[in-house]
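Please work out how this folds:
(one chain, ligands or ions: 1)
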Amino acid sequence: MEDKYETLKITQDSSTSGVFNLILNRPSVSNALSLGFFAELPKALNALDHNPNVAIIVLSGSGNHFCGGLDLKSLAGFINGGTGDHGRTGERLRRQIKFMQDAITAIERCRKPVIAAIHGECRGTGIGLVTACDVRYCSKDAFFSVKEVDVAITADLGTLQRLPGIVGFGNAVELSLTARRFSGEEAKELGLVSRVFGSKEELMKGVRTIAEGISGKPPLAVVGTKAVLIRSRDLSVEQGLDYVATWNSSMLLSDDLTQAISAQKLKRKPTYAKL
Ligand SMILES: CC/C=C\C=C\CC(=O)SCCNC(=O)CCNC(=O)[C@H](O)C(C)(C)COP(=O)(O)OP(=O)(O)OC[C@H]1O[C@@H](n2cnc3c(N)ncnc32)[C@H](O)[C@@H]1OP(=O)(O)O
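Just a heads-up that it's a prediction; the model follows:
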């Protein structure tokens, strides 16, 4: 896959693997998230989503840290400037915030699952980014902080909306108001990450194994599970059941189903068409 990004790098685990890596690639600034990143992320995810060779995406960071948060230098002029008219300046800012929110929501809109592999620091908007991912793992050296209040900001890129559903409302309030730094082990206790690996190397190896496992599963069921879970999160149980009934009534009768059942019966490895 052609790599034409300045803030991101895309690699494939091996030429036959459905596991693709999406790497935050500004290690000299701890992968701080610039405006360029917010423009590139949806493009990269769209390209990965439409590539039939991609079954699953692993989001990680290059260098010493997963992500130091929003790029405070490149965004310094972001709030200032404008026409002098408060109304117009406010409207421009709102559009800018929505643009950045949409970039992060592109992770949820991507049909293929996105797993976050977190090492080192994961601060501020870094938390916003990983809470939009489907699964999170970290290494023992990982530290997290919902840092926004300390830079006089109400987090506005998804953390306050997604974190409560992951760690529970009370924990999300406590972490967001104190902005305290917490370890990977605590992140595991809170349910923010599913597992803690001993080192970055072990993290990447372990996540690769998990991702390979998911990439071998029936693709329609995998994308259906992601889509239905995310949609159901924002619906009542009754509405969610209605949604999945409609989903399955159009996708249940797939070749994947025949393939999975006959492979089980004949004790052989199933092969599924790409999506
Ligand atoms: C308009 C909206 C405004 C704000 C919204 C904010 C939302 C958030 O994301 S809040 C969180 C903001 N981030 C931070 O406060 C983190 C600041 N950085 C750090 O605390 C540390 O750099 C570190 C991430 C803990 C890493 O520490 P260390 O390993 O000691 O490396 P450093 O030498 O400190 O950093 C290396 C290099 O990276 C630059 N950098 C790190 N984070 C950011 C960032 N968020 N924005 C811009 N640059 C960042 C740091 O300045 C260093 O660069 P130099 O050129 O070498 O100075």
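
does Ile97 really touch Asp156, like I thought?
Yes: contact criterion CB atoms under 8 Å: Ile97 and Asp156 qualify, at 5.6 Å. Heads up, the C-betas are built off the backbone N, CA and C, glycines and all.

Please name the nearest non-neighbouring residue to the closest residue to the ligand within the stretch 1-150 of the chain.
Proximity of the stretch 1-150 of the chain to the ligand (CB to the nearest ligand atom) peaks at Gly124, 2.2 Å away. Once flanking residues are discounted, Gly124 sits nearest to Gly69: 3.1 Å by CB to CB, 6 or more residues apart in numbering.

Spell out which residues of the protein are next to the ligand.
Within reach of the ligand by CB under 6 Å from any ligand atom, the chain has these residues: 29-30, 32, 64-65, 68-73, 75, 78-79, 121, 123-125, 147-148, 151, 153.

Which members of these are classed as buried?
30, 32, 65, 68-71, 75, 121, 123-125, 147-148 (16 or more other CB atoms under 10 Å).

In CSV, list these along with secondary structure.
Shown next, in CSV, are these (DSSP: H, G, I helix; E, B strand; the rest coil):
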residue, secondary structure
Ser30, coil
Ala32, coil
His65, coil
Gly68, coil
Gly69, coil
Leu70, strand
Asp71, coil
Leu75, coil
Glu121, strand
Arg123, strand
Gly124, coil
Thr125, helix
Lys147, coil
Glu148, helix
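
Which parts of the longest helix along the chain count as buried, going by neighbours?
Counting residues, the longest helix found in the chain (DSSP state H) is helix 86-109. For helix 86-109, the buried set under the neighbour-count rule, 16+ other CB under 10 Å, comprises 100-101, 103-108.

Perfect, that will be all.
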